[in-house]
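>>> sequence isn't available, so here's the structure alone:
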């Protein structure tokens, strides 16, 4: 355990004892790491520790965090996008989305993404690798540092497919919950849906976390299999009706409502007949639909659905008894909105 980020109090107490220090020194390290007011996450700056202890930790290769700052972009609405680099010189992005009472961190789980959804910028360069737990957690520290606020909510909606990095995903959720003191109920895991992985997510959550109380958000984006395969190439391996059945089982296993993300694409999936088809698909279990306005990227010709179509679609779902809301995009002017994250450093 050379990286102290993600360590429990007990872990850090053991480190302190190993170096002949009192156990409370481990608690001091713990409190220092997870206090957003401590700007420099560097062992040299843990000034509550004796100097010789700090030197020993540093000489033995201990550190806090994994990532390095590259650049930041602040949108007009206050949304902050950060470009960070890994130790193997890959680049990832994360986003801080502020409101008056909360700060939501949109985290990446992989470098790039293998799913290649046609409307999304992230998958255009493919998958490089999955992120380690410490690399996931480090994104929170950078967001808190740059925005000078404690993160209150987490969404795994950044780069990558979280369910293809499930172990590190769940280990990071455990630390977010226990160390960053963010309730699981304020964490959302977004997936395009991978065969057999929804069940694995719930079962491994109970094994690793002891409970499964985070929100599962499935990027459905279609009312039938044909449309879904057109915009999500990986959909051919996972029929939309099977996704719904697996989602129903997730609700039974966890007691948590499933959210379905639905990106409104003009002339593709935004007609009232699609709303009726989607309603028939989702009737009869605890779920919610988030309608999302399309965020333009350069490489594709999809267009944003009109405001009129969006309102008619939302009203039809509601009249059909489906819980539905419209999710507003944040950070559009800095390409920080949903579907726009990418490794911009590669293109410079």
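Perfect, I can see it now. Every value quoted in this text rests on a predicted model; they were computed, and no experiment measured them.
>>> contacts and neighbour counts: CA atoms only from here.
OK.
>>> show me the residue sitting in the middle of the protein in space.
Most central in the chain under Cα atoms, centre = their mean is residue 156, positioned 1.0 Å from the mean C-alpha point.
>>> surely it and residue 166 touch.
No - the pair residue 156 / residue 166 is not scored as a contact, 11.7 Å apart, by Cα atoms under 8 Å.
>>> quick one: the helices in this protein?
For the chain, the helices identified by DSSP state H occupy 9-18, 23-33, 51-59, 133-147, 166-178, 197-208, 225-231, 240-254, 272-282, 307-319, in order along the chain.
>>> how many neighbours does residue 48 have?
When neighbours are defined as other Cα atoms under 10 Å, residue 48 has 11 of them.
>>> can you pull the contacts of it?
Going by Cα atoms under 8 Å, 6 or more residues apart in numbering, residue 48 touches residue 28.
>>> re the thing from before, tell me what the residue nearest to the centre of the chain is bridged to.
residue 189 (DSSP bridges).
>>> ok, it - contacts?
When the contact criterion is Cα under 8 Å, 6+ apart, the partners of residue 156 are 106, 107, 108, 109, 162, 187, 188, 189, 190.
>>> so where is the stretch 151-300 of the chain shaky, pLDDT-wise?
Segments of the stretch 151-300 of the chain classed as low confidence (criterion: pLDDT under 70) are 297-300.
>>> 90 instead?
Judged against pLDDT under 90, the low-scoring parts of the stretch 151-300 of the chain cover residues 284, 295-300.
>>> and if you look at the stretch 1-150 of the chain?
Scanning the stretch 1-150 of the chain for pLDDT under 90 picks out the ranges 1-2, 38-42, 116-126.
>>> burial check on residue 318, number of neighbours?
Here the number of neighbours of residue 318 (other Cα under 10 Å) works out to 16.
>>> pLDDT at it, what is it?
Listed pLDDT for residue 318 reads 97.
>>> leaving out chain neighbours, which residue sits closest to it?
With Cα to Cα, 6 or more residues apart in numbering as the criterion, residue 318 has its nearest non-adjacent residue at 6.3 Å, and that residue is residue 324.
>>> quick one: contacts for the one you found?
Applying Cα under 8 Å, 6+ apart, the residues near residue 324 are 288, 289, 290, 291, 314, 317, 318.
>>> against residue 69, how distant is residue 108?
From residue 108 over to residue 69 the distance is 15 Å, taken as Cα to Cα, to the nearest Å.
>>> neighbour-wise, which of the two wins?
Neighbours per residue, other Cα under 10 Å: of residue 108 and residue 69, the larger number sits with residue 108, 28 against 13.
>>> mind checking how far the more buried one is from residue 259?
Distance, residue 108 to residue 259, using Cα to Cα: 19 Å.
>>> just residue 152 next, same as before
According to Cα to Cα, residue 152 and residue 259 sit 20 Å apart.
>>> who's more crowded, these two?
Taking residue 152 and residue 259 together and counting by other Cα under 10 Å, residue 259 has the greater number of neighbours (23 against 17).
>>> quick check: bridge partners of that one?
Residue 259 forms beta bridges with residue 217, residue 288, as assigned by DSSP bridges.
>>> related to what we said a few turns ago, and the helices of the chain as CSV, adding distance to residue 98?
Putting these into CSV (distance: least, Cα to Cα, whole Å) gives the following:
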stretch, distance to residue 98
helix 9-18, 29
helix 23-33, 22
helix 51-59, 35
helix 133-147, 9
helix 166-178, 18
helix 197-208, 28
helix 225-231, 30
helix 240-254, 29
helix 272-282, 31
helix 307-319, 25
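>>> most packed of those?
Comparing the helices of the chain by mean neighbour count (mean count of other Cα atoms under 10 Å), helix 133-147 ranks first with a mean of 23.
>>> so what touches that helix?
When contacts are defined by Cα under 8 Å, 6+ apart, helix 133-147 is touched by residues 3, 5-6, 36-39, 65-67, 69, 82, 86, 94-96, 105, 107-109, 150-151, 168-169, 171-172, 176.
>>> done for today, thanks.
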